[in-house]
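>>> Please find the sequence and the predicted model below.
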Amino acid sequence: MTIEVSDIRFSYTRPVLRGVSFKVGSGELFAVLGPNGSGKSTLIKIIVGMLKPESGCALIDGRNPASMSRRDIARVIGYVAQESAVLFPITAMELVLQGRFAQGGLIGFESDRDISEAEWAMRVTETTEFAATPVNELSGGERQRVMLARALAVRPRVLVLDEPVANLDISHQVKVLDLVRRLTSESEMSAIVVTHELNLAADFATSALLLKSGEMIAVGKPQDVMTESLLRSVFETDLVVDENPASGSPRVTLIRRKSEISDLRM
Amino acid sequence: MSVKELTHQIFSRERLTAQRLAITLAVLAMVLIAASVFSIAVGSEHVGFTNVIRVIGAEITGHAADVSAEQRIIIADIRLPRVLMAIVVGAALAVAGSAYQALLRNPLADPGILGISSGAALGAISATIFAESLPISRPVAAFGGAVITIAVVYAVGQGRRESGTVRLILGGVIINALLSSIVIFLVTSVAGARQRNVISWLIGDLSGESRLLLPVAVFVLIGIGAVYVNARSLNLMMIGEQDALTLGVEARRVKIAVYLAASLLTGAAVAVSGAIGFVGLIIPHAVRLVGGSDNRLVVPASALVGGIFLMLADTIARTAVAPRELNIGVITSLIGAPVFVYLLRRTN
């Protein structure tokens, strides 16, 4: 499934997105990179139809989410937000089954198909063991994987993830991104992933977008986007980009430098 | 299906199944019936359990019961309507509580704590003073008061980013204080003997108003039904409105429908029994503790458990210091306030 974003502009009190355009093809894993406050989450919320852009549009297979019903969007897009606090003792299984909401009736119970989709999603995210555990008792990283399972239980054609690996240990960071990569390459699913993990993005993404203050700095293959000069200027940090000896993709190494704030005394 | 598979399905805590729902509700319904018979039998004048069953059987089938006229009047005309009213009011308050908790994503929400009962009370008391000749005007005005109050509390409790527990409850406390003072002002303007009745009603009282039983029962059934058809959507809203939206819930429509339904329930309960506190808080919480958080279970089970609870509380109110009566609101507060403190400490 393709996503076509053309010249999106959006502002709260200050402009957040100033004309962003890109295209994500079927089977691609598209990474959205940029510093805090660069407009990444806003961009994603526009794609999933939660915010309306001031101008421009995001089309999913040629259809504008603004003109689709919530149910129609939910059958196509699987979305995991940056953070969700859960106050009620709902079990992980019940949470994952929520991903099947748009497939069933408004009342009644989940079908056998719904159950098997949920079980599959929990198996691939390694969360089966939490099935009967209340979600509010899980750790941050465990809950994040359960949230991913819920999005996968939708059987989405577009998977949209806002910082999916932020709370995960290194082993699960790799496992989660590898899972998303395999799902995109083995099916028609495409994925849009916001992340601060530049090295993981370089390894797993098929293409990437670099944002700064709502401005599109670069879009294209990771090796073209993640160059030393671009990353230095976008993140305003000293760093070196060379080649990852294992994968051949760009590798980012941070360099410590003297802080601009030299005096820490009050 | 083997017995083992069946028991696994019923007692599985992974998710709610249709079997677990059906069995839970059937057990609760039986407890409700047994508790009703018990509640009708005890009182200043004791009547036998068998007489209770005979008279109620006779009322249903239309035959004459082989029971003395005096006992028949106590059972059918005095205690049965009161027990039914307690069930209706308890069910209404408990379901209203579960609905507000899911909508506001806050396990501590309750019509009393949020000030919604006070809003309903203000509506009801205004109707009592200004439109006394129309008994139905009271539940309607109470409903109006509840709707306006929830809108105000929601606006006050809504933070710029997210609505925190403390902020929302604080908003409710403030609105509650304001409305209570207006209610007290109105009460003081009522003359003489009527004033005592109004005050008693305000604290929470099930002794009067049996003529409103039927219309209120209809309101409550409509309200519970309207919450129940949204139960699956509420499961998603409970986690987050934005999440629910992206999973296909028409969040705005659900919110409006459930707010109106919960206000209808609160209004109906307050109109006949005053501001009985804490039922909406304790009952859904107890149900979730035992049966899990799926609203397809929490909503109907809260209705039944709320009915059982309030009926038993009212039995205590009638009998504890007989021949005088305690206000039922006093009893629910004595039980509810410590539970609330315990829950508040546990959530933080």
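Received the coordinates, thanks.
>>> any idea which helix is longest in chain A?
The longest helix of chain A (DSSP state H) is helix A:170-186.
>>> Residues contacting the helix or strand following it, please?
Once helix A:170-186 ends, the next helix or strand along the chain (criterion: DSSP states H and E) is strand A:190-194. Applying C-beta atoms under 8 Å, 6 or more residues apart in numbering or on different chains, the external contacts of strand A:190-194 come out as A:1-3, A:24-32, A:40-41, A:44, A:47, A:157-164, A:177, A:180, A:183-184, A:201, A:205. C-beta coordinates here come from the backbone N, C-alpha and C atoms, glycine included.
>>> Now stretch A:169-181: buried residues?
Counting neighbours by 16 or more other C-beta atoms under 10 Å in any protein chain shown, one finds that the buried residues in stretch A:169-181 are A:172-177, A:179-181.
>>> re earlier: other SSEs contacting the longest helix of chain A?
On a contact count with 3 or more C-beta pairs under 8 Å, 6 or more residues apart in numbering or on different chains; DSSP states H and E, helix A:170-186 meets strand A:29-33, helix A:140-153, strand A:158-162, strand A:190-194, helix A:198-204.
>>> Enumerate the residues of the stretch 1-150 of chain A near chain B.
Taking C-beta under 8 Å from any C-beta of the partner chain as the criterion, the stretch 1-150 of chain A approaches chain B at residues A:48-50, A:69-71, A:73-75, A:77, A:79, A:81, A:84, A:86-91, A:93-95, A:97-99, A:101-102, A:106-110, A:131-132, A:134, A:150.
>>> Next, the angle from the longest helix of chain A to strand A:158-162.
In terms of direction (axes from the mean of the first three to the mean of the last three C-alpha atoms, to 10 degrees), helix A:170-186 departs from strand A:158-162 by 160 degrees.
>>> next one: helix A:170-186 to chain centre, how far?
In this view, helix A:170-186 has its centroid 12 Å away from the chain centroid, taken as C-alpha atoms, centre = their mean, to the nearest Å.
>>> which residues are in contact with it?
Contacts of helix A:170-186 (C-beta under 8 Å, 6+ apart): A:27-29, A:124-126, A:141, A:145, A:148, A:152, A:159, A:161, A:164-165, A:168, A:189-191, A:193, A:197, A:200, A:203-204, A:206.
>>> can you tell me the residue of chain B closest to chain A?
Ranked by C-beta to the nearest C-beta, the top residue of chain B for proximity to chain A is B:G248, at 3.0 Å.
>>> Could I get the contacting residues of B:R288?
B:R288 is in contact with A:88-89, B:107, B:298, counting by C-beta under 8 Å, 6+ apart.
>>> just A:K40 next, same as before
The contact partners of A:K40, by C-beta under 8 Å, 6+ apart, come to A:32-34, A:162, A:194, A:211.
>>> And the pLDDT for A:V16?
You'll see A:V16 listed with a pLDDT of 92.
>>> And for B:V166?
69.
>>> number of nearby residues for the residue in the stretch 151-266 of chain A that chain B sits nearest to?
For the stretch 151-266 of chain A and chain B, the shortest gap (C-beta to the nearest C-beta) falls at A:V154, measuring 7.4 Å. When neighbours are defined as other C-beta atoms under 10 Å in any protein chain shown, A:V154 has 26 of them.
>>> so it makes contact with A:G99?
Yes: applying C-beta atoms under 8 Å as the test, A:V154 and A:G99 come out as touching, 4.6 Å apart.
>>> between those two, what contacts are shared?
Joint contacts of A:V154 and A:G99 (C-beta under 8 Å, 6+ apart) are A:78, B:247.
>>> Pick out the residue nearest the middle of chain B.
Central residue of chain B (C-alpha atoms, centre = their mean): B:L93, 1.6 Å from the mean position.
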